[in-house]
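Engineer: coords please:
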Amino acid sequence: MNDNNTEKKSEGIRRSLAQQHVRSGFMNWLRTISVSAWTALVACVVALMLAGHTLHGRPADFYDEGVYWQSLRAMADGHLLFSSVFSSQPPLFLLSIYPFYLLFGKGIVAARLALVVFSIAGVIGTYIAGRALGHRAIGAVACLLLALDPLYERAAHSLQAELPSIALQIWAVACAALSMHANERLRGWLALSAGILLGCASLIKLFAIAALVPVVMLLCVPSFLWVHDNRSHRQTTRDLIQEALRKTMPPLGLLAAGLLGATIVALLPFIGRLNDVYDQVVRFHLVAGQAYWRPMHLQLSRIAEQLGSGPLVYVAALAVLVIAWRRMWVGIPLILWALAAFVVLLHVQPLWNHHIVLLSPALALISGCGAAVALQECQSLSAKRLGLTVVLALLVAAGGAGLWLNLLQSEMARRPPSASQLDMVKALRDATAPGDLVLSDNPYVAALANRNVPPQMVDTSKVRIKSGYLTTAQLEDLITYNRIPAILFATGRFDRLIGFRAWVAQRYSLAATFGKDKSLFLLGADITR
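Structural biologist: As a prediction, this is how the structure comes out:
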C-alpha cells in the first residue's frame, strides 16, 4: 500500500513539474513576441470583431449584396457564370466566395464569412509588407490603422468584390517588398508569386491594376541599389544602366509570367464563352461609363467626401510630409501606389462610394512609414519623452476616431431590414412555393424570402437598364418563356423600362402594395402575348 502511495505521489510530482515546464515555456515564448507582433495580433482581433459583429446584420449596400447572393444561389443550382448567370464582375470574385457559401450553409452569412477571411488576410499582409519595407513599426501601425479604417471595415460588411481584390493586392505588394531582402533565387519566386496574386486580384476586380505600380518599383529596388553602390567605380553610366536592366529583367519577367499564367488558368473554364466574359465584364462597363459619365470635379468631390469621413487620409497626409522631409525612399512606391489608385478612381464611371476603399491599403502603409520615421526621430530629440507622447497621442486619436466610426457603422448594420422590405418578404413567401422563380428589382428581398430570381436577371440595376443591357422586350420574353408566377416592383428600377409595368398589369393580378410604386403581381391566368 505504501509503495502505491509513493508511486502516486511521484506521478503527481512529475505531472506538476511537467505542467510547470509547459507554463514556463509558454511564458518564455510570449516574452519573445515583439510589441509590433502583438499590435498586429490586436489588429487582426479588431478586424475579426468588427466584421463578426455585423455578420448577421443588414448589408452596407442592399442591392449589390442581393445581386451576388442571387448569383451564388444560381451557381449552387448548376447555372454557369456568363452563360445563364449575368455577372458584371470578373470570374474570380464569385468563385472565391463560392466555396465558403457551399461549406457554411448556403446563406448570406456563409458568403460574408469569406469577406471576414479576406479582411484578416489583408491586415496580416499589411503587417508583413510594412516589416519588409524596413521597420516593424511600419507594419504594426499600418495594419492597425487599416483594421480601424471605416472604409476597409465597411467593405467587410457587405458582399462585394472590393475587399477580396484588395487583400490579394496587399499580398502582391508584400511579396515584392520581401524580394528586396531576398537572394536571387528567392527573389524570382517572390516575383512570380506577386504576379499570380496580382493577376488573381485583377480577375476579382479590374481596378487592382493600380497595385502594379508599387510591385514593379519594389522589384526594381535591388537593381537601383546596385547602381547606387557601384557608381563610384570606373564603369560608365551607360554600362551601369545596362547592368541594372539585366538584373531587373528576370524578376519583371517572372512577374509578367505569374500575372499572365493566373489570368489564363482563371479563364480556362470559360474558354468557350470568352466573348460573353468580355461583353459582361469589360464592354458592359465601357457602355455604362458613357451612359453614367460624370465630370471630373464630381469624381473628385465623391472621393474627397469618402476619404474625409475617416481619419486615415489625415494621418497619411502628415506622413507624406515626414517621408519627404527625411527622404525615406521606401515610401515613394507607396505614394505612387496611392496616386495610381487615385487616377484609376477618377476614371471609374460610374464611381460608387464603396470603390474608394482602393486607396486604404496604400494610405495605411504610408501612415506606417511616417509613424516609423517620427518615432525614430523622437529618439534623438532632447525632449524624447514629449516627442514620443505627441506621436503616440496622434496615433491613438486616429485609431480611436476610426473605432468610434466603425462602431457607429456596426450599430446601423445590426438594424433589421425595413418594415416595407419585411412585408415584401412575407408576401413572397405566402404567395409562392420554395422552388418558384420570382422576378424582382430587389434581389436581396427575394433571397431573404428564400426565392430565386432567373439567373439572367440577378442584376436589374439602373446601370444595366440605362446602358441598354436590359430591355423591356428581354424581360417580357423571359417572363413568357418561364411562366414566372410572381413579379415584385420594389425599388423603382423596373419603372425605368418603358411600358413594362403596364405589360405586367395586363397579364398579372395585383396582389399587394407596399407603398408608392411598390407592388407584387401574381400570375392568375395564362400569359398571352
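Engineer: show me what contacts the residue lying closest to residue 199 once chain neighbours are set aside?
Structural biologist: Take residue 199 and drop its neighbours on the chain: the residue closest to it by C-beta to C-beta, 6 or more residues apart in numbering is residue 262, 3.0 Å away. Where you see a C-beta, it was placed from the backbone N, CA and C, and this is true even at glycine. When contacts are counted by C-beta atoms under 8 Å, 6 or more residues apart in numbering, residue 262 is found next to 195-200, 203.
Engineer: any low-confidence regions in the stretch 201-350 of the chain?
Structural biologist: The stretch 201-350 of the chain contains residues with pLDDT under 70 at 223-244.
Engineer: hmm, try it at 90
Structural biologist: The stretch 201-350 of the chain contains residues with pLDDT under 90 at 220-251, 272-273, 284-297, 308-310, 322, 324-331, 349-350.
Engineer: which stretches in the stretch 1-150 of the chain count as strands?
Structural biologist: Read by DSSP state E, counting those that start in this stretch, the stretch 1-150 of the chain holds no strands at all.
Engineer: just the helices in it please.
Structural biologist: Ranges of helices in the stretch 1-150 of the chain, per DSSP state H, counting those that start in this stretch, are 2-32, 35-53, 62-76, 91-103, 108-132, 136-147, 150-155.
Engineer: deepest-packed of the ones you listed, please.
Structural biologist: Ranked by mean neighbour count, the helices of the stretch 1-150 of the chain are led by helix 136-147 with a mean of 29 (mean count of other C-beta atoms under 10 Å).
Engineer: and the next helix or strand past the strand or helix carrying residue 425?
Structural biologist: Applying DSSP states H and E as the criterion places residue 425 in helix 419-431. Tracing the chain past helix 419-431, the next element assigned as helix or strand by DSSP H and E is strand 438-440.
Engineer: excluding chain neighbours, what is closest to the spatially most central residue of the chain?
Structural biologist: For the chain, the residue nearest the mean C-alpha position is residue 163 (0.6 Å; C-alpha atoms, centre = their mean). Using C-beta to C-beta, 6+ apart and skipping the chain neighbours, the partner closest in space to residue 163 is residue 155 (4.1 Å).
Engineer: what do you get for residue 79?
Structural biologist: Once flanking residues are discounted, residue 79 sits nearest to residue 455: 4.3 Å by C-beta to C-beta, 6+ apart.
Engineer: how near is that neighbour to residue 190?
Structural biologist: In this view, residue 455 and residue 190 are 40 Å apart by C-beta to C-beta, to the nearest Å.
Engineer: do residue 175 as well
Structural biologist: In this view, residue 175 and residue 190 are 5 Å apart by C-beta to C-beta.
Engineer: and residue 280, by the same measure?
Structural biologist: Distance of residue 280 to residue 190, computed by C-beta to C-beta: 34 Å.
Engineer: looking at the two, which is more packed in?
Structural biologist: Neighbours per residue (other C-beta atoms under 10 Å) separate residue 280 from residue 190, with residue 190 holding more: 27 against 23.
Engineer: wait, the more buried one sits on residue 179?
Structural biologist: Yes - applying C-beta atoms under 8 Å as the test, residue 190 and residue 179 come out as touching, 4.1 Å apart.
Engineer: quick check, residue 204 in a strand?
Structural biologist: No - Residue 204 is assigned coil when assessed by DSSP: H, G, I helix; E, B strand; the rest coil, not a strand.
Engineer: in which helix or strand would I find the closest residue to residue 388 other than its chain neighbours?
Structural biologist: Nearest residue to residue 388 in three dimensions, chain neighbours excluded: residue 378, at 4.8 Å (C-beta to C-beta, 6+ apart). Here residue 378 sits within helix 360-380, counting by DSSP H and E.
Engineer: which is the succeeding secondary structure element to that helix?
Structural biologist: Criterion used, DSSP H and E; the element after helix 360-380 is helix 384-413.
Engineer: chain center to that following helix, what's the gap?
Structural biologist: For helix 384-413, the separation from the chain centroid amounts to 23 Å (computed by C-alpha atoms, centre = their mean, to the nearest Å).
Engineer: how much does it deviate in direction from helix 35-53?
Structural biologist: Using axes from the mean of the first three to the mean of the last three C-alpha atoms, to 10 degrees, the inter-axis angle of helix 384-413 relative to helix 35-53 is 20 degrees.
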